[in-house]
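Participant: give the three-dimensional model of this entry:
(one chain, ligands or ions: 1)
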Amino acid sequence: MTELLRNPPLSLYVHMPWCVRKCPYCDFNSHAVKDSMPADRYIEALVADLEQELPLVWGRPVHSIYFGGGTPSLFSAGQIEIFLAAARARLALRPDVEITLEANPGTIERDSFSAYADAGINRVSLGVQSFDDRLLHAIGRIHGRREIEQSLHALRSSGIANFNIDLMFALPGQSLEQSRTDVEMAVEAGPAHISYYQLTIEPNTAFARLPPRLPDEDSAWEMQQRGVEVLEENAFLQYEISAFAQRDRTCRHNMNYWRYGDFLAVGAGAHGKITTPADGRVQRYAKHRHPKRYLAGLETGDWRAETRLLNADELVFEFFLNQLRLKQGVTADDFSARTGLPWQVAESRLQTAIDKGLLEAANGRLKPTSLGWRFVNDIQELFLP
Ligand code: SF4
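Facilitator: Sure thing, here's the model as predicted:
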């Protein structure tokens, strides 16, 4: 490393690996709850796992905590509160720390958002996906329109105004009109943030084995464009490929991923990244993936499945993979502070992207052009190690 590597902002990711049942398109580390899930034991494991991570981050302020899954809302407010109390006792949480809980309609009792708010949750990400019962059924969701309305009602009464709606497009048999209606309904629900992303078929999923008929690429592109128009007309600004926020409501946690910040990670299969400027290293690690194997850590104290130090090529690739998802683009200073490398190591590849019309320079930043925005994978490929 030739440049000064600095401590980036630090976040904490907490993975909750159970769902009511597995959606056929899902490739996350989530497991259907059979009879019951060992929720109390899992919270105990998360705390013990966190305890072992502490020497990596002594004294560093934590900007955000994110309970992702799986379906974290299958855990009670009391269980979430126990973990948060343990985290507060061990980490330097900033007074304005953003604490997000992912929740799925159909798993929320009437009062539970208020109880989560009392436990310390100040942001919710609701997995709506569509407001159309037929489309929800086609993608194997456990909820329908009625459960969405109930969840939104419960959210509003809890006072958690900072909430996200996850919405998908290009669903099996979906028309352009239906996708537009979904976006309009999401806007009407009054969230601070909307994540709008395309259904894709991932390997090792039920849909990969038995693919549904999806709208073609041109129709999907049209749905995305019309969706973006509706969102922007309603003051949701696109700041990342799939993320739209009202003023000052960008997701701090996800921004830290995209800006190549640091992450403590606890929970089954959770991935972390930690920078140690003193020795010029950036490490990545992953926790044991299967909940049973992970829970065995309570006896063995062994939580990690893998730890590795990133080399210069990997740092360059990961930095651009994340940062070029952002509309604001990148600066040479950010690059050196996050990777410890001089900007020159990336210059010829950046020039290739500029020559292809995928990137442009403006006010000291390099940003994706509208072409680059559409073909962001092509830009990212230029940095493959
Ligand atoms: S609810 Fe989310 S995490 Fe769970 S199976 Fe469905 S898509 Fe995967």
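Participant: please make it C-alpha for all contacts and neighbour counts, starting now.
Facilitator: Fine.
Participant: which stretches of the chain have low pLDDT?
Facilitator: Scanning the chain with the threshold set as pLDDT under 70 gives 1-4, 110-111.
Participant: please redo it, this time with the cut-off set to 80
Facilitator: Residue ranges of the chain with pLDDT under 80: 1-4, 109-111.
Participant: quick one: name the residues of the protein near the ligand.
Facilitator: 19, 22, 23, 26, 28, 30, 69, 70, 71 (C-alpha under 6 Å from any ligand atom).
Participant: contact partners for the third one?
Facilitator: With contacts taken as C-alpha atoms under 8 Å, 6 or more residues apart in numbering, residue 23 has the following neighbours: 139, 140, 141.
Participant: let me see the contact set for the last one.
Facilitator: Contacts of residue 141 were listed using C-alpha under 8 Å, 6+ apart, and they are residue 23.
Participant: quick check on it: phi, psi?
Facilitator: phi -80, psi 150 (degrees, to the nearest 10).
Participant: coming back round to it: now distance to residue 210 too, for the contacts of residue 23, in CSV please.
Facilitator: Output for the contacts of residue 23, formatted as CSV (distance: C-alpha to C-alpha, whole Å):
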residue, distance to residue 210
139, 12
140, 13
141, 17
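Participant: wait, which of these is closest to residue 241?
Facilitator: residue 139 (22.4 Å; C-alpha to C-alpha).
Participant: I'd assumed residue 24 was in contact with that closest one.
Facilitator: Yes: if you go by C-alpha atoms under 8 Å, residue 139 and residue 24 touch, sitting 6.7 Å apart.
Participant: now, which of the residues of the chain next to the ligand lie within strands?
Facilitator: Among those, the ones falling in strands (DSSP state E) are 19, 69.
Participant: dump the residues of the chain next to the ligand to JSON lines, plus distance to residue 118.
Facilitator: JSON lines is the format used below for these (distance: C-alpha to C-alpha, whole Å):
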{"residue": "19", "distance to residue 118": "24"}
{"residue": "22", "distance to residue 118": "30"}
{"residue": "23", "distance to residue 118": "30"}
{"residue": "26", "distance to residue 118": "31"}
{"residue": "28", "distance to residue 118": "29"}
{"residue": "30", "distance to residue 118": "27"}
{"residue": "69", "distance to residue 118": "21"}
{"residue": "70", "distance to residue 118": "22"}
{"residue": "71", "distance to residue 118": "19"}
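Participant: run through the bridge partners of the nearest residue to residue 271 once chain neighbours are set aside.
Facilitator: Ranked by C-alpha to C-alpha, 6 or more residues apart in numbering and with sequence neighbours excluded, the top spatial neighbour of residue 271 is residue 286, at 4.4 Å. Bridge pairing for residue 286 (DSSP bridges) gives the partners residue 271, residue 306.
Participant: neighbouring strands for the longest strand belonging to the chain, and are they parallel or not?
Facilitator: When the chain is parsed with DSSP E, its longest strand is strand 92-103. Counting by DSSP bridges, the strands paired with strand 92-103 are strand 61-69 (parallel), strand 123-129 (parallel).
Participant: the first one: how far from the chain's middle?
Facilitator: It refers to strand 61-69. 10 Å (C-alpha atoms, centre = their mean, to the nearest Å).
Participant: CA atoms only: put that strand into CSV for me.
Facilitator: Extracted in CSV, the C-alpha atoms of strand 61-69 (Å, rounded to 0.1, in the frame of the first residue of the first chain):
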residue,chain,number,x,y,z
PRO,A,61,-18.2,4.5,16.4
VAL,A,62,-21.0,2.4,14.8
HIS,A,63,-23.2,4.3,12.3
SER,A,64,-25.8,1.7,11.5
ILE,A,65,-27.1,-1.7,12.5
TYR,A,66,-29.2,-3.8,10.1
PHE,A,67,-31.2,-7.0,10.9
GLY,A,68,-31.4,-8.8,7.6
GLY,A,69,-32.5,-12.2,6.6
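Participant: buried sites along the longest strand of the chain?
Facilitator: 92, 93, 97, 98, 99, 100, 101, 102, 103 (16 or more other C-alpha atoms under 10 Å).
Participant: against the ligand, how distant is the fourth one?
Facilitator: Meaning residue 98. To the ligand, residue 98 is 21 Å away according to C-alpha to the nearest ligand atom, to the nearest Å.
Participant: tell me the SS of residue 257?
Facilitator: helix (DSSP: H, G, I helix; E, B strand; the rest coil).
Participant: contacts only, for it.
Facilitator: Contacts of residue 257 by C-alpha under 8 Å, 6+ apart are 263, 322.
Participant: tell me, what residue is most central in the chain?
Facilitator: residue 254 (5.5 Å; C-alpha atoms, centre = their mean).
Participant: neighbours of the closest residue to the ligand within the stretch 201-350 of the chain, how many?
Facilitator: Going by C-alpha to the nearest ligand atom, the ligand is nearest to residue 205 of the stretch 201-350 of the chain, at 10.2 Å. Residue 205: 17 surrounding residues under other C-alpha atoms under 10 Å.
Participant: what's the separation between residue 8 and residue 374?
Facilitator: As defined by C-alpha to C-alpha, to the nearest Å, residue 8 lies at a distance of 29 Å from residue 374.
Participant: quick one, which of those two is more surrounded?
Facilitator: residue 8 (20 against 13).
Participant: and that one, which of the three is it?
Facilitator: Applying three-state DSSP: residue 8 is coil.
Participant: could you find the closest non-adjacent residue to it?
Facilitator: residue 261 (5.1 Å).
Participant: got a list of what that neighbour touches?
Facilitator: 8, 9, 10, 11, 338.
Participant: one more time with 10 Å, if that's ok
Facilitator: By C-alpha atoms under 10 Å, 6 or more residues apart in numbering, residue 261 lies in contact with 7-11, 253-255, 273-275, 319, 322, 338.
Participant: want to throw the residues you listed into CSV with distance to residue 164?
Facilitator: Formatted as CSV, the contacts of residue 261 follow (distance: C-alpha to C-alpha, whole Å):
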residue, distance to residue 164
7, 29
8, 25
9, 22
10, 22
11, 19
253, 13
254, 12
255, 14
273, 25
274, 27
275, 29
319, 26
322, 21
338, 28
